[in-house]
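[1] attaching a predicted model along with its sequence, questions to come.
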Amino acid sequence: MQPLYDKTWPSGAQSAKIQACDMATPVPTEVFMKSLSLSLAAGLLLSLNAPAVRADTLLIERVQTEQAQAMPKRGSSMAQVESRFGVPQQKISAVGGGSRRTPPITRWIYAGFSVYFENTHVVDAVLNRANAQEVGPAPARQ
């Protein structure tokens with residue numbers, strides 16, 4: 001491969017011709033390095049963003065699952081929940097209840113979900129964790 005210009009400094013029209021050539025057609029190695037750098041940068045950005053995309057998908061799937069599953073409705077009594085869903089696998093004793101500002105909160109754990117009661121009525125029902133890495137209900141305090 002011949003060099004684009006010799007080592008002597010050109011003058012006048014030759015100088016303009018060489019500068020135009022250098023700017024218009026980069027050396028193939030420069031093209032390769034530039035495309036390699038861009039490819040690596042794009043790959044790095046995509047790999048850094050991948051866990052967030054997966055987490056968002058997981059959250060969306062969990063919300064859709066929760067909406068599709070029959071769970072106790074807010075305001076239902078303990079008796080209504082037990083008659084409709086049966087005896088829970090575990091009943092966590094009440095936490096709080098020292099004053100009117102901190103009513104007793106009880107949790108019942110079923111196979112696929114947990115039910116939270118304030119006094120004797122449902123406050124919320126949530127799906128249990130699908131795996132250990134998923135953020136879900138806090139472990140029971142004994």
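    Received, thanks. Numbering: from 1, shown residues only.
[2] residue ranges in this structure under the pLDDT threshold?
    1-27, 44-60, 62-63, 65-68, 130-142 (pLDDT under 70).
[3] try it again with 50
    The chain contains residues with pLDDT under 50 at 53, 142.
[4] can you pull out the strands in it?
    Applying DSSP state E to the chain gives strands spanning 90-95, 105-109, 113-118, 121-127.
[5] of these, which is nearest residue 31?
    Taking CB to CB, strand 121-127 is the member of the strands of the chain nearest to residue 31, at 52.9 Å. Just so you know, the C-beta spots here come from the backbone N, C-alpha and C atoms, and that holds for glycine as well.
[6] the closest one packs against which elements?
    Strand 121-127 sits against helix 28-68, strand 113-118, with contacts defined as 3 or more CB pairs under 8 Å, 6 or more residues apart in numbering; DSSP states H and E.
[7] rewinding a little: okay, the strands of the chain in CSV with distance to residue 78 and mean neighbour count next?
    Converted to CSV, the strands of the chain look like this (distance: least, CB to CB, whole Å; neighbours: other CB atoms under 10 Å):
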stretch, distance to residue 78, mean neighbour count
strand 90-95, 10, 13
strand 105-109, 8, 19
strand 113-118, 6, 20
strand 121-127, 8, 17
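[8] residue 71: which of the ones you listed is closest?
    strand 121-127 (4.1 Å).
[9] that closest one vs strand 105-109, what angle?
    Put simply, strand 121-127 runs at 40 degrees to strand 105-109, going by axes from the mean of the first three to the mean of the last three CA atoms, to 10 degrees.
[10] and the gap between the closest residue to residue 102 other than its chain neighbours and residue 107?
    Among residues not flanking residue 102 along the chain, residue 96 sits closest, at 4.3 Å (CB to CB, 6 or more residues apart in numbering). The gap separating residue 96 from residue 107 is 12 Å, by CB to CB, to the nearest Å.
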